[in-house]
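Engineer: could you look at this predicted model? Sequence included:
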Amino acid sequence: MIPNRLIFIWLGPKFPWSGGIAIRSAYQVHKPQSIWLVHEGMEQQGDGWDLIKDIEGLEVIPVQDSHFDGLNDDGLCLKLFHTLKAPASRANLLRLALLYKYGGVYLDTDVIVVKPFDDLLQLEGFIGVEPVALPAGLFKSVNPFRWIYCGLQFAFREFCARLPGGYKLFRLAECGFSAAVNNAVIGAEPGNATIHDAFQFIKSMPEKERLKRFRLGTRLMQNVTHNRSSDSMTVFPASFFYPLGPEISAHWFKAKTNNKLDKLILKNTRIVHWYNSVEGRFLKTKVSAQWVEQHPTTAFSALAKEVVGTLKK
């Protein structure tokens, strides 16, 4: 069984308001036994911190070298953690180390939990796929037609992301995209075999490859799971954690979507991962309490207000 412990990571000074929404929604909806916020130099102040500072069972834990002990990786992940500069790349390693040593459910800070997932804790591990145009396996292909098809998929997805109601059109064509795992949501019991395989895969990688973007994140987990379930890691369809996939997630932030939550959130959706990449690409600003107040007719605002509204009661 997977411990009913939720793990969040923040490697920066100011914890964002959207991260506070993530943790608060997880606490209110899923009701975990404990929540770990593992950080590096985080200040315990600000609007994000204010949303979570009174949560019962919240443990604020500084990153420690000992988190990387006992991974059977010859100390490689700890060395990489101190070598890498990008917070996202470092967090990729840290989440795997924490899950392997202690077990629990790791969640990115750009999520909102909408339904409890206690039933998933009965598994040895779980992860979910998202519809992508550029899966890890494509990089091994020399077939020019596969790359042309990939370019067409990018263009179609961009069109659907910007078209009002375009998520409906994308869902009709989603089966034509590759279903590839994303590491924004991972559950694992201590010593999980798939995560052990991930450490072994990292050891087998050329040294320069380990330092490249995405290699230790989604692409690593795609390589070790092959995007299908095993005894140690159940792979769930996109509807569980990624009801709107990459780029299409822009529809969470479009006007007049607040009354369409029953269409955007699917029957078996437990967690909405909204992809903070949309902040830069589509919103040109960070999501905040002020943004939500200024854009009340968006689906994201409707979900965030449910979290904050429950807090105020």
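Structural biologist: Yep, it's here. Numbering: from 1, shown residues only.
Engineer: burial measure for Pro296, as a count.
Structural biologist: Other residues within reach of Pro296 by the criterion other C-beta atoms under 10 Å amount to 11. For the C-beta atoms, the positions are set from N, CA and C on the backbone; glycine is no exception.
Engineer: and the pLDDT for Lys312?
Structural biologist: As predicted, Lys312 sits at a pLDDT of 53.
Engineer: likewise for Gly137?
Structural biologist: Per-residue confidence at Gly137 stands at 78 (pLDDT).
Engineer: which of the three states applies to it?
Structural biologist: Assigned with DSSP: H, G, I helix; E, B strand; the rest coil, Gly137 falls in the helix class.
Engineer: please renumber so the chain begins at 57
Structural biologist: OK, 57 is where the count begins now, so the last one is Gly193.
Engineer: right, and it touches Arg275 too?
Structural biologist: No - with contact defined as C-beta atoms under 8 Å, Gly193 does not count as touching Arg275 (9.7 Å).
Engineer: neighbour-wise, which of those two wins?
Structural biologist: Arg275 (21 against 15).
Engineer: distance check, that one against Ala192.
Structural biologist: Between Arg275 and Ala192 the distance is 4 Å, computed by C-beta to C-beta, to the nearest Å.
Engineer: ok, and the helix or strand in the chain with the lowest average confidence?
Structural biologist: Among the helices and strands of the chain, helix 355-368 carries the lowest confidence by mean pLDDT, DSSP states H and E, at a mean of 85.
Engineer: what segments of this structure are strands?
Structural biologist: 61-66, 90-95, 114-118, 160-163, 167-169, 181-188, 234-244, 290-292, 327-329 (DSSP state E).
Engineer: thinking again about what came up before, who does the least confident helix or strand of the chain touch, helix- and strand-wise?
Structural biologist: Contact here means 3 or more C-beta pairs under 8 Å, 6 or more residues apart in numbering; DSSP states H and E; on that basis helix 355-368 packs against helix 73-81, strand 167-169, helix 317-320, helix 345-350.
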